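Asks: return a 3D structure for these sequence lines:
(one chain, ligands or ions: 1)
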Amino acid sequence: VNIDEFRSLFPITRERAYLFSGAIAPSNERTEAALEEWARLWRSRPLLSYDAAVEQIEALRAAIARLLGVRATRVSISDNTSRASNTAVRLVRCPSGANVVFDETTYPSSRYPWLSLTAAAPRVAVGNPGERRSDAVIRCIDRDTVAVSISHVAPLTGVRHDLRAIADAAHRHGAVLIVDIAQTAGVVPISLDDDGVDMAVGTTMKWLLGPPGVGFLALRDEDLRETSGVDLGYMALDVAGEEWPQDALPPLWPDGRRLELGMPSLPVLNPAVAGIDLLLELGVSTVHRQVEALVGRCLEGLSDLGVEVRTPVDPADRAGVVAFEHPHAQELARRLAEDGVDIGGYDYGLGRVDPHAFNTVEDIDRFLDGVRRFSAPG
Ligand SMILES: Cc1ncc(COP(=O)(O)O)c(C=O)c1O
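Replies: Below is the predicted model:
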């Protein structure tokens, strides 16, 4: 698909300027078709829909692996980012005296599991004025650091971390780098190994153009060796059902499946694959270019309007999230929605514009016009 064909697959684009894919992307014709197909099978041949589960899980695993540039055996499917993040935390050994490094922009799902599940001392990297966030994180890493847990792009600031630089510092001290890529997978080209990421977690409902209810954990082979202490379900077992032992732990799959529990939400598996396939068909680099052009225009327009923007000006330090201050964010979002423009962030007292590649310059200008009219006296 080219970018115009891509846009035409999103019915919402004919009605609204939808600018909040960092929360949930709208459906497209392909994901909807997959969802409807599942419902039809569920109605007519429920057992066939059930029997197709394993094949569909494997197709999803392969699609996520393609996106992240890793072998499929290194991907474990989960139901959301938060679950995947809890699993990642459980895989890190924390001797006494250990610490874990976050920064102020680390999303709660990558922060609180550490405080709940481990005794690692939290270190929150606070940047000095003018300092890059990634450098502040690097400053906090020492020989007792077992993990650095960050959001690649933070939803409340739009700041993007320099993964390679943080990975090098973490690895020098024997720590692992765990990254929440919910706000970058699909919009920034990512290769986990090139970026030095040891474990990555995310969800399909945002930039990956899929439905909610699917998350993932991608990890290294060595992290799959010692998995005692993680949740365990029958899907993790590498033995046939008739051989399940009564009183001993059966062998587990050697790959990402060993972290999977029971039946996932079947209706969303194929739609999730359809979303990732569509994205890869257009190409993540093309998505990135289009999103960067739209974000650039949005930042410029907001600054012309005198709006205080939280998102960095350097394209290398941001991705698809534009966060800005607004004293009446909630009312602004309500007024924009009445005019067919959807933005977010208002739950946090700010404004957020997260354009995807199906958006256009006209969508951004419609938003900027709405802000101008909202702020106009009288
Ligand atoms: C950085 C980040 N991580 C995770 C999530 C969502 O987590 P979950 O998939 O657990 O709902 C979001 C947004 O909602 C996010 O912005």
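
Asks: around the ligand, which positions in the stretch 1-150 of the chain sit nearby?
Replies: Selection of the stretch 1-150 of the chain residues close to the ligand by CB under 6 Å from any ligand atom yields 80-82, 107, 109. Just so you know, the C-beta spots here come from the backbone N, C-alpha and C atoms, and that holds for glycine as well.

Asks: adding pLDDT, secondary structure and neighbour count, write those residues out as TSV.
Replies: Formatted as TSV, those follow (pLDDT from 0 to 100; DSSP: H, G, I helix; E, B strand; the rest coil; neighbours: other CB atoms under 10 Å):
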residue	pLDDT	secondary structure	neighbour count
80	98	coil	19
81	98	helix	26
82	98	helix	20
107	96	coil	22
109	97	helix	21
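
Asks: below-threshold pLDDT in this structure: ranges please.
Replies: Counting by pLDDT under 70, the ranges of the chain that qualify are 378.

Asks: going along the chain, name the helices of it.
Replies: Along the chain, the stretches classed as helices by DSSP state H are 3-8, 29-44, 46-51, 53-68, 81-90, 112-117, 133-140, 163-172, 192-195, 269-282, 284-304, 329-338, 361-375.

Asks: please name every helix or strand in contact with the last one.
Replies: Under the contact criterion of 3 or more CB pairs under 8 Å, 6 or more residues apart in numbering; DSSP states H and E, the helices and strands touching helix 361-375 comprise strand 17-18, helix 284-304, helix 329-338, strand 341-342.

Asks: out of these, which is the most enclosed?
Replies: strand 17-18 (a mean of 22; mean count of other CB atoms under 10 Å).

Asks: partners of that strand in the sheet?
Replies: Strand pairing for strand 17-18, determined by DSSP bridges: strand 341-342 (parallel).

Asks: for the helices of the chain, which one sits closest to residue 155?
Replies: helix 81-90 (11.3 Å; CB to CB).

Asks: what helices and strands are in contact with that closest one?
Replies: Using 3+ CB pairs under 8 Å, 6+ apart: helix 81-90 touches strand 75-78, helix 112-117, strand 176-180, strand 199-203, strand 215-218.

Asks: and that helix, how far out from the chain middle?
Replies: 13 Å (CA atoms, centre = their mean, to the nearest Å).

Asks: so how far is residue 136 from residue 100?
Replies: From residue 100 across to residue 136, the span is 15 Å (CB to CB, to the nearest Å).

Asks: between the two, which one's more packed in?
Replies: residue 100 (28 against 17; other CB atoms under 10 Å).

Asks: the closest residue to that one other than its chain neighbours: what's it in contact with?
Replies: Spatial nearest neighbour of residue 100, excluding adjacent residues (CB to CB, 6 or more residues apart in numbering): residue 120 at 4.3 Å. For residue 120, the contact set (CB atoms under 8 Å, 6 or more residues apart in numbering) comprises 94, 98-100, 114, 146-147.

Asks: just residue 78 next, same as before
Replies: Neighbours of residue 78 in contact, by CB under 8 Å, 6+ apart: 84, 87, 201, 214-217, 259-260.

Asks: that one pairs with what?
Replies: For residue 78, the beta-bridge partners under DSSP bridges are residue 215.

Asks: with residue 151 instead?
Replies: With DSSP bridges as the rule, residue 151 is bridged to residue 180.

Asks: OK, contacts around it?
Replies: Counting by CB under 8 Å, 6+ apart, residue 151 touches 105-107, 110, 161, 179-180, 182-183.

Asks: before we move on, what about residue 218?
Replies: Residue 218 is in contact with 64-65, 68, 70, 74-76, 192, 199-201, 256, counting by CB under 8 Å, 6+ apart.

Asks: what's the closest of those residues to the ligand?
Replies: Taking CB to the nearest ligand atom as the measure, the ligand lies nearest residue 201 of these, at 7.7 Å.

Asks: distance of that closest one from residue 211?
Replies: Distance of residue 201 to residue 211, computed by CB to CB: 18 Å.

Asks: who has more neighbours out of these two?
Replies: Taking other CB under 10 Å, residue 201 and residue 211 do not tie; residue 201 has more neighbours (31 against 25).

Asks: how many neighbouring residues does the closest residue to that one other than its chain neighbours have?
Replies: Using CB to CB, 6+ apart and skipping the chain neighbours, the partner closest in space to residue 201 is residue 84 (3.9 Å). Using other CB under 10 Å, residue 84 has 27 other residues around it.

Asks: repeat for residue 51
Replies: Number of residues near residue 51 (other CB under 10 Å) recorded here: 10.

Asks: from now on call the first residue 880
Replies: With 880 as the first residue, the last one maps to residue 930.

Asks: tell me how far it lies from residue 972.
Replies: Distance from residue 930 to residue 972, counting by CB to CB: 39 Å.

Asks: ok, residue 1201 touching residue 1176?
Replies: No - applying CB atoms under 8 Å, one finds residue 1201 not in contact with residue 1176, separated by 10.1 Å.

Asks: put together CSV for the residues of the stretch 880-1029 of the chain next to the ligand, with distance to residue 1211 on each row.
Replies: Formatted as CSV, those follow (distance: CB to CB, whole Å):
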residue, distance to residue 1211
959, 29
960, 28
961, 29
986, 24
988, 27
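
Asks: show me the one of the helices and strands packed on helix 1240-1254 that comes nearest residue 921.
Replies: strand 896-897 (28.7 Å).

Asks: that closest one: how far from the chain's middle?
Replies: 20 Å.

Asks: which residues are in contact with that strand?
Replies: For strand 896-897, the external contacting residues (CB under 8 Å, 6+ apart) are 889, 891, 905, 1219-1221, 1238, 1241-1243, 1245-1246.

Asks: what comes up buried for stretch 1067-1083?
Replies: 1067, 1069, 1071, 1074-1083 (16 or more other CB atoms under 10 Å).
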